[in-house]
Every structure is written in structure tokens, then in C-alpha cells.
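Peer 1: Fold the stuff below for me.
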Amino acid sequence: MIPEDSKTVFNETYSRGIVPSKTYAVDFENKRIIGENDNIYALRDAIFKILNTERYIYDIYDWNYGVEFSDIIGMDRKLATTEIEIRIRDALSVDERIEEISDFEFVEHRNSIEVSFKVKSIWGDLKIFKEVSI
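Peer 2: Here you go, the predicted structure:
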């Protein structure tokens, strides 16, 4: 049964706002949940989780979640640095809170490449570090 004044309910306009980003605060070193995070702190944790989850491996995650680093092992170092940047940009592009990713820097080690970059978000800037095995 539809109410008689249903036209007013269905014809209202709704605006889309920013979805709250509140999430659990994780102490990754001690592997514990230590409270709640919001805004830039929640984004920092989300970036950490995305960059440490291999894409297409876990059924619980959508295929847009995570990053593909597993096939970089054995790749030429110059090609690997280019691929790492492309894959990080791709992995983080799904998050609407991120406005820009820039200032990539690479440090080569014997069996890995350490990458650092700047993330400009709607709340401010973050400096992110990740070590990728090659």
C-alpha cells in the first residue's frame, strides 16, 4: 500500500556528502586495535591496508581493493620503479578522500625498493613509505 502523499517523498532532492571515515585505530607493530580513528588518521590506516593487501588473492575483498606487487619480484629495477609508481597510483585512485599523489622517491636495496610519496587528501598531506620486494 502506497501512501497518498508519496509524491512528496519520492520527489525530494538529496545531496551527497562526505561519508564519515571513522574506523578502528590499529597498532600495526603490536597487532592490536587501540581505539578509533577519523579523518586523516583513518585515511593513513586505509592507505597502509591497501598497500599491504595483494589484489585478487583474498575473496573477502573486491577486485578494486589492494595492490599488485607479487609479480614485481625478478623484474628489472628501472622497470620495477616505474611499475611500483603506476600500481600505487592505481590502488589508491579508488579512495575519494585522496586528491593527489606526488613526489615519488625510490631507494634501491639489495632485494627491495623503498618508495616514499606524498598523498594530498581532503584533510591535508601525508608522507607514505612502503618497501617492495624485488
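Peer 1: right, and the helix or strand after the helix or strand harbouring L79?
Peer 2: Secondary structure assignment for L79, by DSSP states H and E: helix 77-92. Note on helix 77-92: by DSSP H and E, the next helix or strand toward the C-terminus is strand 98-108.
Peer 1: Quick check: K130 vs N64, distance?
Peer 2: 19 Å (C-beta to C-beta, to the nearest Å). From N, CA and C alone the C-beta is placed, and that goes for glycine too.
Peer 1: Give me the more crowded residue out of these two.
Peer 2: Higher neighbour count among K130 and N64: K130, with 18 against 11, using other C-beta atoms under 10 Å.
Peer 1: Mind telling me what element the more buried one is part of?
Peer 2: Per DSSP H and E, K130 falls inside strand 124-133.
Peer 1: Counting neighbours, what do you get for S70?
Peer 2: Neighbours of S70 (other C-beta under 10 Å): 11.
Peer 1: Contacts for the helix holding L79 next, please.
Peer 2: Residues outside helix 77-92 that contact it (C-beta atoms under 8 Å, 6 or more residues apart in numbering) are 47, 50-51, 55, 66-69, 72, 75, 98, 101, 104, 106, 108, 113, 115, 117, 119, 130, 132, 134.
Peer 1: Any regions of the chain where pLDDT drops low?
Peer 2: Across the chain, the ranges flagged by pLDDT under 70 are 1-20.
Peer 1: Centre of the chain to the helix holding L79, how far?
Peer 2: Centroid separation for helix 77-92 versus its chain: 14 Å, with C-alpha atoms, centre = their mean, to the nearest Å.
Peer 1: send the alpha carbons of it over as CSV?
Peer 2: Coordinates of the C-alpha atoms in helix 77-92 are reproduced here as CSV (Å, rounded to 0.1, in the frame of the first residue of the first chain):
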residue,chain,number,x,y,z
ARG,A,77,65.0,-2.4,-11.3
LYS,A,78,64.2,0.5,-13.6
LEU,A,79,61.0,-1.1,-14.9
ALA,A,80,60.1,-2.1,-11.3
THR,A,81,60.3,1.5,-10.1
THR,A,82,58.0,2.6,-12.9
GLU,A,83,55.6,-0.2,-12.2
ILE,A,84,55.5,0.4,-8.5
GLU,A,85,54.5,4.0,-9.0
ILE,A,86,51.8,3.1,-11.5
ARG,A,87,50.4,0.4,-9.3
ILE,A,88,50.4,2.6,-6.2
ARG,A,89,48.5,5.3,-8.1
ASP,A,90,46.0,2.7,-9.4
ALA,A,91,45.5,1.1,-6.0
LEU,A,92,44.9,4.5,-4.2
